[in-house]
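A.B. asks: With the input below, show me the fold.
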Amino acid sequence: MILALLAAAAAAQTPEEARFADCVTLSEKDPAKALEAAGAWQVAGGGVLARQCAGLAYAAQKRWLPAATVFEQAARDAEKSRDGRAALLWVQAGNAALAAGDPARALALLDAGLAGGTLTGGEAGEAHVDRARASFALKDNEAARTDLDAAIKLVPDDPLVWLLSATLSRVEGDLDGAEHDIAEAAERSPDDPSVALEAGNIAILRGADGAARIAWEAAVSAAPDSPAGKAAAANLVQLAKPAH
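C.D. replies: Here you go, the predicted model:
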């Protein structure tokens, strides 16, 4: 039964969709070759899917700026052709811009993705998460909170939502809210060094030095070379210094 359904789904693909699926698979294995394939496809008249594949290949290489640009071009093409992919492509462009360290551009792209109201469920939830990250980076905490509240309703099992919410609550001085949210994040991702780092950050503000030390040590133990692990290690050094 399952094999029959899979065969039917494969048969239902258009040639362009099948080519895109092959390009996505290639981007996971050899992004440089996938980029070449996407370029050749574009030259041969490939449309939205060819551009999207190029964006995925750039993203696989962590070349975030060209990825954002190509996804944005694909989104504009999708809007013109009204093929239904535009919203997701705007979000992919925004995500790439965030990764490139350009939250202002990311915010504009994510606004475009959410403006039409066509995203639903998890896709909408993750778009709200990304827009909250952009707003937070731009120090617009009110907008970030609005998006995080929406994301919590849409993707309540995503630990990143709760981690970001905890961080925002801590920054705004709501330690009760921060403690609640970081506990939710820890329940969903108990070995995440970023969650442990934030748990320590919240604990130290509570004056709970012992709890902060345990949390930061957990972050270092989980991933010593990660940004969170390194930040936790630096915090432990400061905690060990005698008070003056």
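A.B. asks: any idea where the helices of the protein begin and end?
C.D. replies: 2-12, 15-29, 31-43, 48-60, 64-81, 86-99, 103-115, 121-137, 141-154, 159-171, 175-188, 193-205, 209-222, 227-240 (DSSP state H).
A.B. asks: who's in contact with the longest one?
C.D. replies: Put plainly, it is helix 64-81. By Cβ atoms under 8 Å, 6 or more residues apart in numbering, the surrounding residues in contact with helix 64-81 are 47-48, 51-52, 54-56, 58-59, 84-86, 89-90, 92-94, 96-97, 99-102, 105-106, 109, 112-113. C-beta coordinates here come from the backbone N, C-alpha and C atoms, glycine included.
A.B. asks: I'd like to know which of the residues you listed are buried.
C.D. replies: 47-48, 51-52, 54-56, 58-59, 85-86, 89-90, 92-94, 96-97, 99-100, 102, 105-106, 109, 112-113 (16 or more other Cβ atoms under 10 Å).
A.B. asks: got any ranges where the protein has weak pLDDT?
C.D. replies: For the chain, applying pLDDT under 70 flags the ranges 1-12, 243-244.
A.B. asks: dump the residue contacts of residue 87.
C.D. replies: Here residue 87 is in contact with 113-114, 116, 118-119, 123 (Cβ under 8 Å, 6+ apart).
A.B. asks: run the last query once more with 6 Å
C.D. replies: By Cβ atoms under 6 Å, 6 or more residues apart in numbering, the residues touching residue 87 are 113, 116, 118-119.
A.B. asks: How about residue 110?
C.D. replies: 94, 127, 130-131.
A.B. asks: out of those residues, which is most surrounded?
C.D. replies: Within the contacts of residue 110, most neighbours by other Cβ atoms under 10 Å means residue 94, with 31 neighbours.
A.B. asks: what about it, distance to residue 226?
C.D. replies: The gap separating residue 94 from residue 226 is 24 Å, by Cβ to Cβ, to the nearest Å.
A.B. asks: Please apply the same query to residue 218.
C.D. replies: Counting by Cβ to Cβ, the gap from residue 218 to residue 226 is 12 Å.
A.B. asks: Same check on residue 129?
C.D. replies: For residue 129 relative to residue 226 (Cβ to Cβ), the value is 20 Å.
A.B. asks: Same question for residue 114.
C.D. replies: For residue 114, the distance to residue 226 - Cβ to Cβ - is 30 Å.
A.B. asks: Which of these two has more residues huddled nearby?
C.D. replies: The residue with more neighbours, out of residue 114 and residue 226, is residue 114; 21 against 16, by other Cβ under 10 Å.
A.B. asks: Just give the closest residue to the more buried one, not the sequence neighbours.
C.D. replies: residue 127 (5.5 Å; Cβ to Cβ, 6 or more residues apart in numbering).
A.B. asks: One more: residue 236?
C.D. replies: Residue 236 sits nearest to residue 216 (Cβ to Cβ, 6+ apart), 5.1 Å away.
A.B. asks: Over to residue 205?
C.D. replies: residue 175 (6.0 Å).
A.B. asks: what about the one you found, how many neighbours?
C.D. replies: Taking other Cβ under 10 Å as the definition, residue 175 ends up with a neighbour count of 15.
A.B. asks: ditto for residue 203
C.D. replies: 22.
A.B. asks: mind listing what residue 151 touches?
C.D. replies: Contacts of residue 151 by Cβ under 6 Å, 6+ apart are 125, 128-129, 161.
A.B. asks: Residue 215 now?
C.D. replies: By Cβ under 6 Å, 6+ apart, the neighbours of residue 215 are 196, 199-200.
A.B. asks: which one among the residues you listed gets closest to residue 20?
C.D. replies: residue 196 (39.1 Å; Cβ to Cβ).
A.B. asks: Now do that closest one against residue 132, distance only.
C.D. replies: Taken as Cβ to Cβ, the span from residue 196 to residue 132 is 21 Å.
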